[in-house]
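Peer 1: Need a 3D model of the following:
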Amino acid sequence: MGWLDPQVGRAIAGEPADARLAGSIRPQGRARRVEGGYRIEGHWDFASGVNHARWLQCPCNLWDGDKPMRTQSGASKMRSFLIPAAKATILDTWRVVGLRGTGSHDFTVADVFVPDSHSYSNSEPPTQESPLYDPRLFLIWVWTATVGNAMGIARGALDAFTELAGSKGTTTSTTLLRDRPLVQTRIAEAEAILSGACAYVHTAVGDLWGRANRGESELDAAIVQARLAITHGMHEAARSVDLVFHAAGTNAVYEKNPLERPFRDIHVALQHGAALPAHMESAGKALLGLRPTDVGW
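Peer 2: So this is what the prediction gives:
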């Protein structure tokens, strides 16, 4: 809430603080200017935790009558709005392969008034000074949590496999999984892959955070490393899960064994925007001295 007036932010958070914010960072709604604020409407998806939210974040494209408003570069003008969750309609859409527990249902808003005080634009200067609210760094801080979630899923899978390997054989052999050379190799590979990717994220994001807090102005190289570490970490987390899932043989396919859930979850997590292969292309451009054109570089 670094772009809101601090007093408004405190009112939204409540006392004791209990904001419970859900929503989107994508402009899937329309907003029209009216006296004292805006009237908004729209349909947003992937609103994780929306059933437990008190407030919803609703990014919108700005419209003037029946025409979209444009910046000087021709892009749509955007603004985000915070509304009480009770003013939205939650749609039961989260019927998915994995990450079912996030409850990332769709929600709709129909002609709701939002006062100016409860809206903001990332293009405006934040009301609080912190690298957390630097528009260029925003996705890195958000997606650090995303890659952390993926790595947590992978760590759970490796732990579950280790326990399984000590008690199970397969339908073709009673030899415990842990006593098989190929299985021993696969768990070692998975551990090295996951631990290495985790260390890269800690190092790269930590370095950027330190530089940004020291007020350094030249952050290009640190941003490249942080963005690259996040996307790389998402894919490496999935690779480590795949190794142990297949090493478990037919054991892994049964719901009673705790490997099938992280297998489903990690592959849904890999569909997140933080893991897009396009980020690798952008990192490559930057490493070769070119300037990527997508957000955050």
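
Peer 1: which of the residues in stretch 170-179 are buried?
Peer 2: Using 16 or more other Cβ atoms under 10 Å as the burial criterion, the residues of stretch 170-179 that qualify are 177-178. Every residue, glycine included, has its C-beta placed from N, CA and C.

Peer 1: Quick one: end-to-end distance for that stretch.
Peer 2: 12 Å (Cα to Cα, to the nearest Å).

Peer 1: Show residues contacting it.
Peer 2: Residues from elsewhere that reach stretch 170-179, judged by Cβ atoms under 8 Å, 6 or more residues apart in numbering: 162, 164-169, 183-184, 247-251.

Peer 1: which pair in those spans the largest distance?
Peer 2: The largest separation in these, counting by Cβ to Cβ, is between 184 and 250 at 19.0 Å.

Peer 1: And the pLDDT at residue 6?
Peer 2: In this prediction, residue 6 carries a pLDDT score of 84.

Peer 1: quick one on the thing from earlier: ChimeraX command for the buried members of the contacts of stretch 170-179?
Peer 2: Applied in ChimeraX, the following selects the buried portion of the contacts of stretch 170-179 according to 16+ other Cβ under 10 Å:
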select :164,165,168,169,183,247,248,249,251
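
Peer 1: Just the contacts of stretch 170-179: which are in helices?
Peer 2: Secondary structure from DSSP state H places 162, 164-165, 183-184, 247 of the contacts of stretch 170-179 in helices.

Peer 1: of these, closest to residue 63?
Peer 2: Nearest to residue 63 among the ones in helices among the contacts of stretch 170-179: residue 247, at 54.2 Å, using Cβ to Cβ.

Peer 1: Residue 158 versus the closest residue to the closest one other than its chain neighbours, what's the distance?
Peer 2: Sequence neighbours aside, residue 186 is the residue nearest to residue 247 in space, at 4.0 Å (criterion: Cβ to Cβ, 6 or more residues apart in numbering). Using Cβ to Cβ, to the nearest Å, one obtains 10 Å as the distance from residue 186 to residue 158.
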